[in-house]
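Visitor: Below are the sequence and a predicted model for it; my questions follow.
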Amino acid sequence: MVAFRGGVTRRPVTVGGAPYREVVTIQAPAVWRLPAVGEWERLTRLPADLLQALLADPETVARYNAKVYQRGAGQCWPWVGALGSAGHGRLRCGTRALEPERPASRVIASHVFGWQLSRGILAADPVTGRLPLICHRCDEPSCHNPAHWVCGTAADNWADYVARRHAPGSPLTDTRGPRGRAVAIRSVILAALAEGAGAGEVEAAIEAAGAAGIPGAQGALF
């Protein structure tokens, strides 16, 4: 993969009273893909009794909620915690008090935890034994707005990707790839909050960070 560095800057957005300026790295379009099957199973499937305990554990739920940057009802809610290679959030959860015979904590795909927290336990396919995928209708892998999630199969997810991957302005066209995009958005949110920025300044920073990797989007913003 060939990367082209430097050169691209834009008029600064004000964050916390100071200008926010980013040098954008442009590269060939990245491949958007799910983690390998084995890794995905590990991140989404927990023993039923343990999952029920985690969903009912106030500490785990509070940790999850603290990593979701909530915005308006129709907007994406970015994950500001750890991120995987596909841009999905990672939630470390569990304690020995909940699972004394098991490891002290587990890492689970955060949107899968969030779905089950908001809508109930996922049921495995009776034939394949696999859990359904939680697909993002907004195409933002780090989004945790439950209204943007829908259950589907791998085939459904791929069909959506193929149908929208070239749509102008789509997150799927981001040259940074899913993780790069999610990291950029997470970074500006955390930086703005650390500086005491207001909600409007955080919104402007999110919009600018999201547009930075979309071909042709910066001119529309600035």
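Guide: Perfect, thanks for sending it. Numbering: from 1, shown residues only.

Visitor: the strands in this structure, which residues?
Guide: Counting by DSSP state E, the chain has strands at residues 3-4, 13-15, 18-20, 26-27, 82-83, 89-93, 106-109, 133-136, 149-152.

Visitor: quick one: average pLDDT of the second one?
Guide: Meaning strand 13-15. What strand 13-15 shows for mean pLDDT is 46.

Visitor: same thing with the fourth one?
Guide: Rounded to a whole number, the mean pLDDT of strand 26-27 is 38.

Visitor: What of the first one?
Guide: Mean per-residue pLDDT for strand 3-4: 28.

Visitor: With stretch 59-78 instead?
Guide: 96.

Visitor: So for the nearest residue to L131 once chain neighbours are set aside, what's the pLDDT?
Guide: For L131, ignoring the flanking residues on the chain, the nearest one in space by C-beta to C-beta, 6 or more residues apart in numbering is L122 at 5.0 Å. No exception for glycine: its C-beta is placed from N, CA and C like everyone else's. The pLDDT attached to L122 in the predicted structure is 89.

Visitor: got the contact list for A56?
Guide: The contact partners of A56, by C-beta atoms under 8 Å, 6 or more residues apart in numbering, come to none.

Visitor: State the pLDDT value of it.
Guide: Looking at A56, its pLDDT stands at 89.

Visitor: residues near the nearest residue to F113 once chain neighbours are set aside, how many?
Guide: Nearest non-adjacent residue to F113, counting by C-beta to C-beta, 6+ apart: L91, 5.4 Å away. When neighbours are defined as other C-beta atoms under 10 Å, L91 has 24 of them.
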